[in-house]
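K.L.:
Give me coordinates for this.
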Amino acid sequence: MEAIAVIKSELDPKLDLLLMYLESVQDMQAHQFFASIQNNLRALQQEEQVLELFIALSMTAFQPFMLDPFAVRLTDDILEYAQQISEAYSADTGTSH
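P.N.:
Reported below is the predicted structural model:
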């Protein structure tokens, strides 16, 4: 459960920043997508749900909206964080018993 708290505390501010920016440039379609991601993040209760959240994030490239260069940088930061956490989970589960 501690891992979920860390993920929430580190990822939520990144999403907040992106959502504030998307709202300021009135990109409501992208805002809606990332707001859904943030809602799922805030609802996380089990570590298995982290994978589901990151799968949803990985679908960013397949969404019907185009992000401007600044939004792309913010999104890349979020995706990079998700990748780092995913790799850490893979390393933890990949150890032999």
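K.L.:
Show the contacting residues for residue 37.
P.N.:
15, 53, 56-57 (Cβ atoms under 8 Å, 6 or more residues apart in numbering). Just so you know, the C-beta spots here come from the backbone N, C-alpha and C atoms, and that holds for glycine as well.
K.L.:
Just say helix, strand or coil for it.
P.N.:
helix (DSSP: H, G, I helix; E, B strand; the rest coil).
K.L.:
where does it land on pLDDT?
P.N.:
pLDDT for residue 37: 97.
K.L.:
Would you map the helices across this structure?
P.N.:
2-24, 28-42, 48-58, 69-93 (DSSP state H).
K.L.:
follow-up on the earlier one: how about the contacts of residue 37, which pair is most distant?
P.N.:
Greatest spatial distance among those (Cβ to Cβ): 15 and 56, at 12.0 Å.
K.L.:
More neighbours: those two, which one.
P.N.:
residue 15 (20 against 15; other Cβ atoms under 10 Å).
K.L.:
which non-adjacent residue is nearest the more buried one?
P.N.:
In this structure, residue 15 finds its nearest non-sequential neighbour in residue 38, 4.4 Å apart by Cβ to Cβ, 6 or more residues apart in numbering.
K.L.:
What number of residues are in the vicinity of residue 34?
P.N.:
24.
K.L.:
thought it was touching residue 18?
P.N.:
Yes. Counting by Cβ atoms under 8 Å, residue 34 does reach residue 18; the two are 5.7 Å apart.
K.L.:
what's the weakest-modelled helix or strand in this protein?
P.N.:
The helix or strand of the chain with the poorest confidence is helix 69-93; it has a mean of 89 (mean pLDDT, DSSP states H and E).
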